[in-house]
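Q: how would this look folded up:
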Amino acid sequence: MPAELKLNPLTLLAARRRAANLPVYDLTVSNPDVAGFTWPRDILAVALGGPGCERHQPDPFGSIDARTAIAAHYAQHGATVSPKHICLSASTSEAYTWWLRLLCEPGDNVLAPEPAYPLISVLAEISRVKVIPYRCEFRDGLWSVDPASLKPDAKTRAILAVSPANPTGHTLSAVDLQALRNAQQKAAPACALIVDEVFLDYPAAAFAAQPSVLAQKNLEPLIVLSGLSKVTLTPQLKVGWSVLAGPAEWLQMVLPKLEHHADAFLSVNAPAQVALPFLLKEAPAYRTAVRARLDANEATLQAALVRLVGCEVLPRQAGWSAVVRLPAGVDELNFALQALEEGASVHPGHYYDFASGNSIVLSLLTDPKDFGAGLDALIRALPRC
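A: The predicted structure is shown next:
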């Protein structure tokens, strides 16, 4: 844990602007309801109040109805999974923590990608597990795993991947998966590949939708994470899940341990489990609206490049974010501060461990009016850098 926790300069500047009633166009929005995507309250009330919401019927892995609905969801993504191999948790963050504790002893390590959303390193630190980063590189117009940076050892208990990645939008190719599998085979016995697929339902218009990694026929231990936060745009319901696949002997070993661990928490509330099958069934219309917003904002960003002289938008295969490479010599933190002085909040690339030092990350989920106003602020800020 850091010895001292303090606010960063961007947070402090945004707070000062808001205190002075100056506009802050937030181009970092990741919460769908803040961005205007909400389910009607009456529909949620009916779903959450379905039969069974009033009873406590504890099952360490979650209700069989909920798990069966999740299995059906993966069938739409090209994968056949058993409800018996699905375990609910209160968010993917909790699932990450469970697996770090189940697979690792203090001092063990996991391999994790860079650049990436910084959650994994925080959860690993809490679990007293070391993170060994491996790089994803942008080359030939797309992101890909750098096999040379995958360096497992005898204490490597898991290899983590996020596909589609946040914020790069990188989806694992067959070559990437083979590189991860090769590293998995070189690591400690029973090393698991853990793939976070929360953004799987949000392919960009220019790219084909990818099947779940669960559709791959492979005999190595595999754990796939996802949850309602992105799949049904209901982060407030706090439901995530793990789907397990792999050799029968590994499943026989790990499932009882997972059951024992999950039974100690029983963290998913009954109303959310009752609502889950309905939400998964009705969610496609909501996701379609989100994808339309993402693609429209990305088109607006591309059109703005005429005035963002020297900037480049890196291709997005999927997800909610856009990565913008700034002109050579422009420092990303200085640009983010200048942009905020003009009214736009963006994330500098080092928040996600980008190596270049001249990248920023924008959320394409932002309300279009705020997104356009924020881009105008970025355009005003660029000459000052």
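Q: switch to C-alpha atoms for all contacts and neighbour counts from now on
A: Will do.
Q: My read is that residue 169 contacts residue 318, right?
A: Yes - counting by Cα atoms under 8 Å, residue 169 touches residue 318, with 4.7 Å between them.
Q: what about the residue nearest to residue 243 when sequence neighbours are not counted, how many residues close to it?
A: Excluding the flanking residues, the one nearest residue 243 by Cα to Cα, 6 or more residues apart in numbering is residue 86, at 4.6 Å. Residues lying near residue 86 (other Cα atoms under 10 Å) number 24.
Q: The one 4 residues further on now?
A: Residue 90 is surrounded by 20 other residues when neighbours are defined as other Cα under 10 Å.
Q: Please tell me how far it sits from residue 233.
A: 15 Å (Cα to Cα, to the nearest Å).
Q: Ok, residue 122 next?
A: Residue 122 is 24 Å from residue 233, by Cα to Cα.
Q: name the helices or strands packed onto the top strand by length along the chain?
A: Looking across the chain with DSSP state E, the single longest strand is strand 130-139. Using 3 or more Cα pairs under 8 Å, 6 or more residues apart in numbering; DSSP states H and E, the elements in contact with strand 130-139 are strand 109-114, helix 119-126, strand 142-145.
Q: which of residue 122 and residue 233 has more neighbours?
A: Using other Cα under 10 Å, the more surrounded residue of residue 122 and residue 233 is residue 233, with 21 against 14.
Q: Now do the helices in the stretch 101-250 of the chain.
A: 119-126, 174-186, 228-231, 248-265 (DSSP state H, counting those that start in this stretch).
Q: how about the ones you listed, which one is nearest residue 150?
A: Closest of these to residue 150 is helix 174-186, at 6.4 Å (criterion: Cα to Cα).
Q: residues making contact with the closest one?
A: If you take Cα atoms under 8 Å, 6 or more residues apart in numbering as the criterion, helix 174-186 is touched by 144-145, 147, 150-153, 158-159, 191-193, 220.
Q: Okay, angle between it and strand 130-139 too, please.
A: Here helix 174-186 runs at an angle of 160 degrees relative to strand 130-139 (axes from the mean of the first three to the mean of the last three Cα atoms, to 10 degrees).
Q: Export helix 174-186 to PDB, keeping only CA atoms.
A: Provided in PDB are the C-alpha atoms of helix 174-186 (Å, rounded to 0.1, in the frame of the first residue of the first chain):
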ATOM      1  CA  ALA A 174      -4.800 -16.300 -32.400                       C
ATOM      2  CA  VAL A 175      -1.100 -15.400 -32.400                       C
ATOM      3  CA  ASP A 176      -1.500 -13.500 -29.100                       C
ATOM      4  CA  LEU A 177      -3.300 -16.400 -27.500                       C
ATOM      5  CA  GLN A 178      -0.600 -18.900 -28.600                       C
ATOM      6  CA  ALA A 179       2.000 -16.600 -27.000                       C
ATOM      7  CA  LEU A 180       0.100 -16.500 -23.800                       C
ATOM      8  CA  ARG A 181      -0.400 -20.300 -23.900                       C
ATOM      9  CA  ASN A 182       3.300 -20.900 -24.500                       C
ATOM     10  CA  ALA A 183       4.100 -18.800 -21.500                       C
ATOM     11  CA  GLN A 184       1.500 -20.600 -19.500                       C
ATOM     12  CA  GLN A 185       3.200 -23.900 -20.200                       C
ATOM     13  CA  LYS A 186       6.600 -22.600 -19.100                       C
END
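Q: Tell me where the longest helix sits in this protein.
A: Counting residues, the longest helix in the chain under DSSP state H turns out to be helix 270-304.
Q: continuing past that helix, what's the next helix or strand?
A: For helix 270-304, the succeeding helix or strand toward the C-terminus, using DSSP states H and E, is strand 312-313.
Q: chain center to the helix or strand that that next one is followed by, what's the gap?
A: Next along the chain after strand 312-313, taking DSSP H and E as the criterion, comes strand 321-325. How far strand 321-325 lies from its chain's middle: 16 Å, per Cα atoms, centre = their mean, to the nearest Å.
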